[in-house]
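**Student:** only the shape, not the letters, is given here:
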């Protein structure tokens, strides 16, 4: 065969070069086209700052170096844009990226229905649209995306039935539909997805009630099945044992009944089982075959029988949660041998016998909760050997012996609650001063010993009633500055109440009754401005009752009975707003305060022979008489005459009130008054107070606010002057009247009372009760500008009050009322700093006739919920977001529109927390006292929960209020609310939106 000639080789070489040049040019052209598409995408989404680095370049492949882009052979294959503040829709041009296989748009503000434009992305295998604002159904032809392996639509507002076509996505390995609004039957066609490994349908409570789909057992490759809160009923089928690959099963929060199938615990790959909050009954099957189990949560069911003995042989078990069942028998001894065990929560059962003494010896135990059982014997002595123990909760048992001495060397401890047992001996000395100890509750035992001079700086709750403690209350009690609850009732304490006790400015509950205390009360009681309950009864206290008690702003219960107090009752006590007061069995003399002369206090002054009253309603003699004689005839005439006069006055008042309540009565040629209760002022007295600027106290987008003296004697009302330059339209007039009428029916302690509405041709006057301390924002601004400090106890009380008002509007009004403009300037404060919410609902009315700007719609910068700003969609979670900003204001001292780096306070706080920074360092320095840190941190974290970007992840105002109240009154494990469902749904940790649960547990610091 002849060799190729040189000319022949040259021709072939040149042809090859031409082909390569053509391919290169084609590749460069394709890359340039893709770069242009990406720039168009950026422009379509209004140039988000998060992708500002997307710019055209002479280098046509420059886009492959952008962090959001992955390329293969200079062609885009992956586009990752999570959390880039993208809003709008998904344009069709995105499929011009012809090799796009992966698209991640998680955690943005994308709106509209499922983007069928993606059907043109023929190579798409990975699609994440989670945590956006999609609505409507999944398309019935979703199977057009036939190459999909991963589909994540969780945390949106998709609705309707899950289409049968989803079962035709044969390549699908992961399907995530959590937390939407799907309805109809469970999509049984999913069982056709033979390659499926992860299926999550949780928190779609609108699904029709249905049994566990037996066809799901065909999913032989399925590893994770999460169907919590999907309206499942009936029994768990035994054939669930056919799902051999299953690792995580969560069927919690349903209405499942029957027994737990034995086949479930024969699955060798099973790692976590969550069946809590159902109505399962019967015994727990043997579990040893499921040797890979790390989590078992069967709490809140009706399970009976014993805890399987082979639980102690699960060498990988970390969490065992069986609380609130009807389990009996002993706790398996082998549980103490497991080296991986961290959480044991068995409370609320009928367990008996002794506790495994090796618990904590071989593992880093964190939670040990066995309260409300029938356990006997000793507490295990090794509980804190691992150095991680947060709490010992063992109240309501029959435990005996002493507290383990090892608890005195356990700096991780936050809580010890062993109330109502038979424990004896003294408290380990180191326990009193344990570094992180916040709650020590040891009441109703037989402990002995004296109070220590020093306790933990974090101790906020000390309950030691009904024991055998003795000695005096130490003067060093002044150092217990974080103490909010001190209950030492029914012991053998003696001596006087030291004046140093008044240094505890944060104390809310003080119970020293049934001891042997003597002497007089400290004079500086006025410093107890947070005190709500004071019980010093059944001691030997003497002297006069300090008048300062009458100035305690929060006191609700006062019991000084069965002592030796003498002298007169200070008239200042009449200022108390107590629901209970008892001064019986003392040596008091003179008149009782007039405020107590009614039947509500008929048993409050018994066995004080020297006391008298102006009426006979309180079981005391009438002042000026020696006894209570029968009424004489002249007295009867006087009584009848007085009664007649009273009836006449009431009749006149009733007539006047009916007269004033008539709607739209013309009292002035230009003004009409609509009253919502009896008013004693006139239109003239209101209008005269609006002249000039001297009475003006506020000015906002909706109008001016005046303080008007309606009598000339300091009886003030607040008048909001709402003006519209354009004559009010008829429809607007109707809407305004309807809104005002709604507000007029609201009767709540924490909502500013609307007294009447006055109308003219082009103005509205709203007359409210006057709030002496103005608005919250003024106090926060005073703090920032003049150094006047609103201390934390007041701030916390304000937070609770405002939450109560909003909770009432959202959950107790029908229909619910959404404020839409919650901000610190709309939280008003009375003379005692009680919070009241103002200006409900008017923003919606006032925007008509003005440009529909974002600020006009949503209120003030910094408080606007992101979904309202981007989509103008509104529900009650808009108020929750704004309230969360207020919580962050109260705790950090920052302005709502000033975090740092041009971010809002909410954005700054979320970023700050996600970066792992210390919450304590974020708190306002001038109110950051050691005694308040735990509570302030909890409120800060609650603010984070409320300001989550996605509305479904925010708590309701009812939840917010409950968490605040729990923080004010530390959690009692007897309440089922002690274990929130989100504590156990650990799969929620996949969500990327900040903390996965709100700070409601007793271990939060």
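**Tutor:** Thanks, I have it. Nothing here was measured: the structure is a model prediction, and the numbers come from that model. Residues are numbered from 1 along each chain as shown.

**Student:** I'd assumed residue 594 was in contact with residue 614.
**Tutor:** Yes - under the criterion of C-beta atoms under 8 Å, residue 614 makes contact with residue 594 at 6.5 Å. Where you see a C-beta, it was placed from the backbone N, CA and C, and this is true even at glycine.

**Student:** got the contact list for the nearest residue in space to residue 802 that is not next to it in sequence?
**Tutor:** Residue nearest to residue 802 in three dimensions, not counting chain neighbours: residue 835, with 4.5 Å by C-beta to C-beta, 6 or more residues apart in numbering. Counting by C-beta atoms under 8 Å, 6 or more residues apart in numbering, residue 835 makes contact with 750, 776, 797-802, 805, 827-829.

**Student:** could you dump these into TSV with pLDDT and neighbour count added?
**Tutor:** As requested, the contacts of residue 835 are exported to TSV (pLDDT from 0 to 100; neighbours: other C-beta atoms under 10 Å):
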residue	pLDDT	neighbour count
750	90	20
776	93	25
797	92	19
798	95	23
799	95	26
800	93	19
801	93	22
802	95	31
805	92	26
827	94	27
828	92	25
829	92	23
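
**Student:** and those residues, which of them are in strands?
**Tutor:** Residues of the contacts of residue 835 located in strands (DSSP state E): 827-829.

**Student:** quick one, what contacts residue 874?
**Tutor:** Neighbours of residue 874 in contact, by C-beta under 8 Å, 6+ apart: 818, 820, 868.

**Student:** look up how far residue 950 lies from it.
**Tutor:** According to C-beta to C-beta, to the nearest Å, residue 874 stands 15 Å off from residue 950.

**Student:** got it, and residue 489?
**Tutor:** 47 Å.

**Student:** same check on residue 740?
**Tutor:** Look at residue 740 and residue 950: by C-beta to C-beta, they are 34 Å apart.

**Student:** okay, now the unreliable bits of the stretch 751-900 of the chain?
**Tutor:** Applying pLDDT under 70 to the stretch 751-900 of the chain picks out residues 782-788, 840-859, 869-873, 899-900.

**Student:** what about the helices in it?
**Tutor:** For the stretch 751-900 of the chain, the helices defined by DSSP state H, counting those that start in this stretch cover 776-785, 792-811, 842-846, 854-858, 866-871, 877-892.

**Student:** winner for burial among the ones you listed?
**Tutor:** Among the helices of the stretch 751-900 of the chain, ranked by average contacts under mean count of other C-beta atoms under 10 Å, first place goes to helix 877-892 (a mean of 26).

**Student:** which strands or helices does that one pack on?
**Tutor:** helix 776-785, helix 792-811, helix 866-871, helix 905-914, helix 933-946, helix 957-968 (3 or more C-beta pairs under 8 Å, 6 or more residues apart in numbering; DSSP states H and E).

**Student:** identify all contacting residues around the last one.
**Tutor:** Contacts made with helix 957-968 from outside it, assessed by C-beta under 8 Å, 6+ apart, are listed as 508, 796, 799-800, 803-804, 806-807, 809-811, 876, 879-880, 883, 935, 938-939, 942, 946, 955, 977, 998-1000.

**Student:** with the fourth one instead?
**Tutor:** Among residues not part of helix 905-914, those counted as contacts by C-beta under 8 Å, 6+ apart are 862, 881, 884-885, 888-889, 892, 894-901, 903, 919, 922, 940-941, 943-944, 947-949, 994-995.

**Student:** quick one: that helix to helix 933-946, angle?
**Tutor:** Angle of helix 905-914 versus helix 933-946, following axes from the mean of the first three to the mean of the last three C-alpha atoms, to 10 degrees, is 110 degrees.

**Student:** what's the next secondary structure element after helix 905-914?
**Tutor:** Once helix 905-914 ends, the next helix or strand along the chain (criterion: DSSP states H and E) is helix 919-922.

**Student:** quick one: buried residues of that following helix?
**Tutor:** Across helix 919-922, burial judged by 16 or more other C-beta atoms under 10 Å covers 919, 922.

**Student:** I'd like the mean pLDDT over that helix, please.
**Tutor:** Taken as a whole, helix 919-922 carries a mean pLDDT of 88.

**Student:** what helices and strands are in contact with it?
**Tutor:** Counting contacts by 3+ C-beta pairs under 8 Å, 6+ apart, helix 919-922 is packed against helix 905-914, helix 933-946.

**Student:** dump the residue contacts of the nearest residue to residue 708 once chain neighbours are set aside.
**Tutor:** Nearest non-adjacent residue to residue 708, counting by C-beta to C-beta, 6+ apart: residue 689, 3.1 Å away. Residues near residue 689 by C-beta under 8 Å, 6+ apart: 695, 706-710, 719.
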